[in-house]
Every structure is written in structure tokens, then in C-alpha cells.
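structure here, sequence nowhere to be found:
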Ligand code: NAP
């Protein structure tokens, strides 16, 4: 509580933004440079980047194609930047965000190395009071979280980790100086998007690599390559066309989802289409047919195709069997894309341990004890994912009206209206919060949509001399219902252990976290609600 008690002279800004990734940077620009508000970003890291500041693991690269993984709000900025590859690598994304920050002169209003620990709403002053771990206090009218969906690293509680005498790392908190794997016996736990990117790169350096797989995962070849001069030109010349697709197709990517159903074409035609998508590579594979995410029988055809391709690549039949023992529909968990992931298992110094057959019992001083015996390591890499969507909120002590803790309100799962606001927490805006399309979408266009909506909302409050906006409990409860409904019509709920429902973190309540209704429909809903006088929100005059 310390810092809250001595805040009479705490500096005041109209808007405080937590986080300096894509969301925080764009939000700062719009509030400061367009609405003329005083605004400040508090950022835990020492530089801009958000996710891309922390996730520096070997092979870290975005699975979205670079021409769609950027801001579109300014053609000047878009035209002034040039990506080098089909998919941008972590250092290049960080350079891009740094370039945006310089271009818009954002750094002067960002305070780095500042981790927010508490944020309490004071009803008397209608202000938020925000404290940092360093002991500073700020006051603000609008508090905006730009804290990311996948920013709270999840290190599983495996007994004995403290006994381990080697080094261990989580991919989402990777040391800036890098890790030298040469001559080392390395374990990687986890085969999600991160593990699948890191494993081939770590294998190039390590003396021996053992991958611990719990759930067999689908992956599509990325087919990464440098962008040709023509492709670089097209990033600019076809920006409007691409942006139209990104904002109208539901998932924020720059491709349409085919309107054909998988089972309405002949077997040969289906194979030809899958093969073409496989050869092209990338997340677009799941757009080969319209119904892959809603019809299990359609999905099975994709799953079988992928299984066959993997079995053609992996030479050892037992390893191929373990890698393709899928227990969920294709893309019902976020599908990774890879660069030579399955080929890596043909290397003599790489082995796979199937944890479904031989589970981890504990970590010991020298390695990982499974039911099949002890594996000794110098380094363990946890590619074990994140406490998604709500984890970053849990790490800050948010309290709303009447001192209510966000943690308590969300004890059975997050309660938000549109993933943008929380009932009982006036003027708190949550960019890509739980209940918004967020992780089911390419994030930059979703972020732009949220920031634009929040900016217009704050402009509305000021134009009408309103002190605050707050989601009503009824609207939030109806939205939670809509989030569940939207998920239930897809195959996304058919994965018992998915992080989409919080099942990857021990003790986390099971609730479907993102909104599966699609970005286009979602944006139309948000716009209609605003046009209807902010239906479902309470708007309060000053000094209520
Ligand atoms: P993830 O998808 O949650 O995968 C974590 C992996 O660790 C899974 O294989 C999981 O197994 C395993 N695991 C977790 N706890 C374990 C335990 N106690 N014992 C053994 N295995 C355990 O995490 P992620 O790979 O970091 O990816 C998270 C998300 O981040 C992605 O889905 C994507 O949205 C985003 N991401 C994006 C990119 C990109 O665009 N380039 C790259 C990386 C990540 P189970 O499947 O059995 O739970």
C-alpha cells in the first residue's frame, strides 16, 4: 500500500499507459498528438518493443507476414520502412518499433525500467492512482493497459527445479546477452509456436538436444525467404488493398479465407489445394477451406494431410508416431509455422521424449527425471508459454470502485465488456484485453482498432464534459455470454488443455478468454455500440 498513502503531490497526467509495445506506442501517439492530452507511458523494460523486447529466444520470429505485421494508420510511416524477409525476426521488429517511436518522437513521454505494481481508483477525485515498484506514484484520469496478451511467462511448477545445478531459461524472459549452447546438453520443454521456432536453431549449436513433448502439435512450413525488390515495392504499392483484406476478413491477416467447404470438392481436388497451400507455407494454410475451424470432418482432412507430410519427413518411425499423435483438431490450438522443425529430428544428436508415455517426475540436480529414467543436462529451456490474457493483469494490484480487487472480480474468469472495459473500474481501458479478438487475430490491426475506439471514446468524454465511462455489470455479463457462444460454434473449445481456456496454468479458472467472433464483426459491434451513445456503458458527469 506504501506509495498510495503519500500521493498528494504525485504528478498528474490526463492519461497513463502501461506498456510500450505496439499498443502503448500507438495509444500514446493518438492521445498526445491528436487529442492534445498529457500522457505518459510506464514501461518495465529498458526499451520499446513489449513482447518483442522480452522474447529474444533463438529463432524468435513473427508468424504473421511482415507486410501485415506493421502499423497502417500512417502511410508516411508505412512507406518509410522496409522489411527484409517474408516473416520479420525479433531484432527487426524491435528496430521497427524503435523507428516508429523516433519518427513520432514518443520516447520523451515513455519512462523505461518502470514496472507498475498497483493501480487504484479514487472515487472522490475520479482519478486513478498508479504506483510503481520503484515507489513512484502517478495520478491520471484515464488508465490504459497496453500490457500484452502473452507477456506473463509461465514456468510450470515442476518439483525440484531449485535443485538443478545447470542453467535454465524461459523463452519469454530471454537474457539480452544471449545463451551459448555450444558443447552443451540441452533440454527444451514445450512444442508450441515458441518451441517449434527455437528447437531447430538450438539444435544447430547444442552438442545434444532433447525435446520434451507433452502434446503433439501440428505445424506448417513457414517457407521464409528474403523479400525480393518487387515484394518490397508491393508492401507500399498495394497497402490499401492489403489493409482492406486485413480489416474485413475476420482474422486480421492479409489473406481471404476460401469460401469452399473441404468436403464439397473431390479427394484429388482437396489434396491439390492442400499441397499448394503447404508449398506456399504459412498461417494461410488454415484458410484453404472455409469450414476447417467449424466442422470436425472437414478438419480431419487437413489433419490427415499434415500427418502424412510429417511422416514423410521424419525418418525414425517411432519419433514420427509420437510427433503426429494429435489429440485435438488442427488449428484448434494456435497453429505454429516452422523452418525445418520436423527435419531437426533426423539429426543424430536430437531426440524426442513423449511425455504422454513417460511423464516428468521431477527435476534433479543434474537433469530431468522421467518415468523412463534420468536425462542429464547443462541447460533447460522452458518453452512453456504464458499465463495468457489475464496473467499480466494479475501481476498488478488493480482496485476499482469501493476498493474492489480485479483479481476477486475475475476469480471465476475475466469479466469485461468487449474486452475493452471492466465493470466497477471507470476509465480503465484494456487494449486487446480478455474478451476481445486479441490472440485469435493478427495483433497490429486489432491494436489499431482498439486504440482508435478508445481514442474516439475519450474524445467523446471530453467533448461532452463527462468525467468517466464504465461498463455496466449487465453489459459485461451479456458479453461474457457472447464470448462463450462465439467460441462454442468453433472447434476451439475441443482442446481440453488449451491456453485459450486457461488450462495451461495450474489453478487458473477455466474460461474461454479471447473473442472468436472475428475482427470485422467485432469492430462493427464496437462501432455500433459507440454510435448508439455507448450502449452498455455508464457515462458520468464531473463531480457526480
Ligand atoms: P504454448 O503454445 O502455450 O506452448 C507451450 C508448450 O509447453 C506446449 O507444448 C505445452 O504442452 C508445453 N508445456 C507447458 N507446460 C508444460 C509442462 N508442465 N510440462 C511439459 N510441457 C509443458 O506457448 P508458446 O509456444 O510460447 O506460444 C504461445 C503463443 O504465443 C502462441 O500460440 C502464439 O500465439 C504466440 N507466439 C507467437 C509467435 C510468433 O508469431 N512468432 C511465436 C511464439 C509464440 P501442452 O500443449 O500439452 O500444454
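Yep, it's here. Remember, predicted model here, so these are calculated numbers, not experimental data.

tell me which other helices or strands the helix ranked longest in the chain touches.
The residue-count maximum for a helix in the chain (DSSP state H) belongs to helix 443-463. Packing partners of helix 443-463 (3 or more C-beta pairs under 8 Å, 6 or more residues apart in numbering; DSSP states H and E): helix 22-29, helix 239-248, strand 466-471, helix 519-531. Using the backbone N, CA and C atoms, a C-beta is placed for each residue, glycine as well.

so, low pLDDT: which residues of this protein?
Residues of the chain meeting the criterion pLDDT under 70: 1-6, 543-544.

swap the cut-off to 50 and go again
1-2 (pLDDT under 50).

for the nearest residue to residue 314 once chain neighbours are set aside, list the residues it contacts.
Using C-beta to C-beta, 6 or more residues apart in numbering and skipping the chain neighbours, the partner closest in space to residue 314 is residue 320 (3.9 Å). By C-beta atoms under 8 Å, 6 or more residues apart in numbering, the contact set of residue 320 is 310, 311, 314.

just residue 60 next, same as before
Applying C-beta under 8 Å, 6+ apart to residue 60 gives the contacts 52, 89, 90, 171, 174, 194, 197, 198.

all strands for the stretch 351-500 of the chain, in order.
Assigned by DSSP state E, counting those that start in this stretch, the strands in the stretch 351-500 of the chain fall at 360-363, 367-370, 373-376, 379-382, 397-399, 428-430, 466-471.

the second one near the ligand at all?
If I follow you right, that is strand 367-370. No: using C-beta under 6 Å from any ligand atom, strand 367-370 never reaches the ligand; the gap is at least 10.0 Å.

mind giving me the packing neighbours of that strand?
Packed next to strand 367-370, using 3+ C-beta pairs under 8 Å, 6+ apart, are strand 185-189, strand 360-363, strand 373-376.

from the middle of its chain, how far away would stretch 154-161 be?
22 Å (C-alpha atoms, centre = their mean, to the nearest Å).

residues making contact with the longest strand seen in the chain?
In terms of residue count, the longest strand belonging to the chain (DSSP state E) is strand 137-145. Contact partners of strand 137-145, identified using C-beta under 8 Å, 6+ apart, comprise 3-4, 6-7, 10-19, 24, 27, 31, 37, 40, 42, 119, 125-132, 392-393, 427-431, 433, 454, 458, 467.

okay, buried residues for the longest helix of the chain please.
Within helix 443-463, the residues scored as buried using 16 or more other C-beta atoms under 10 Å are 443-455, 457-458, 461.

still on that earlier bit, the ligand is nearest to which of the helices and strands packed on helix 443-463?
Nearest of those to the ligand, taken as C-beta to the nearest ligand atom: helix 22-29 at 12.7 Å.

one step back: what is the orientation angle of the longest helix of the chain with helix 519-531?
For helix 443-463 against helix 519-531, the angle by axes from the mean of the first three to the mean of the last three C-alpha atoms, to 10 degrees is 0 degrees.

distance from helix 443-463 to the middle of the chain?
On C-alpha atoms, centre = their mean, the centre of helix 443-463 falls 19 Å from the chain's centre.

tell me which parts of this protein are close to the ligand?
Close to the ligand, as judged by C-beta under 6 Å from any ligand atom, the chain has residues 61-63, 150, 156, 189-195, 197, 212, 214-215, 334, 355, 383-386, 439, 497, 499, 504.

name the residues of stretch 513-531 that are buried.
513, 514, 515, 516, 517, 518, 519, 520, 522, 523, 526, 529.

next up, the contacts around the last one.
Going by C-beta under 8 Å, 6+ apart, residue 529 touches 418, 535, 536, 537.

roughly how far does it sit from residue 513?
Separation of residue 529 from residue 513 (C-beta to C-beta, to the nearest Å) stands at 21 Å.

same list (the helices and strands packed on helix 443-463) but as TSV, adding distance to residue 110.
Converted to TSV, the helices and strands packed on helix 443-463 look like this (distance: least, C-beta to C-beta, whole Å):
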stretch	distance to residue 110
helix 22-29	7
helix 239-248	27
strand 466-471	25
helix 519-531	27
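
between the ones you listed, which one is closest to residue 277.
Closest approach to residue 277 among the helices and strands packed on helix 443-463 (C-beta to C-beta): helix 239-248, 16.8 Å.

so that closest one versus helix 443-463, what angle?
Inter-element angle recorded for helix 239-248 and helix 443-463: 80 degrees (by the same axes, to 10 degrees).

what packs against the next helix-or-strand element following helix 239-248?
The helix or strand immediately downstream of helix 239-248 is helix 267-280, counting by DSSP states H and E. Identification of packing neighbours for helix 267-280 by 3+ C-beta pairs under 8 Å, 6+ apart yields strand 220-221, helix 296-313.

thinking again about what came up before, buried ones from the residues of the chain next to the ligand, can you make that a PyMOL selection?
In PyMOL syntax, the buried subset of the residues of the chain next to the ligand is picked out as below (16+ other C-beta under 10 Å):
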select buried, resi 61+62+63+150+156+189+190+191+192+193+194+195+197+212+214+215+334+355+383+384+385+386+439+499+504
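
next, count neighbours for residue 412.
The number of residues packed near residue 412 is 10, by other C-beta atoms under 10 Å.

ok, it to the ligand distance?
Residue 412 sits 22 Å away from the ligand, taking C-beta to the nearest ligand atom, to the nearest Å as the criterion.

and for that residue, nearest residue in space, chain neighbours not counted?
residue 509 (5.2 Å).

does that neighbour count as helix, strand or coil?
Taking DSSP: H, G, I helix; E, B strand; the rest coil as the rule, one finds residue 509 in the coil state.

re the thing from before, and the residue nearest to residue 314, how far is that from residue 77?
Taking C-beta to C-beta, one finds residue 320 at 46 Å from residue 77.

kindly report the same for residue 428.
29 Å.

could you do residue 347 as well?
42 Å.

tell me which of those two has more neighbours.
Using other C-beta under 10 Å as the criterion, residue 347 and residue 77 rank with residue 77 on top: 17 against 12.

in which helix or strand does that one reside?
Using DSSP H and E, residue 77 falls in helix 75-80.

which neighbouring elements make contact with that helix?
For helix 75-80, the contact count by 3+ C-beta pairs under 8 Å, 6+ apart identifies helix 90-103, helix 229-237 as packing neighbours.

buried ones in that helix?
Neighbour count says helix 75-80 has 77, 78 buried, by 16+ other C-beta under 10 Å.
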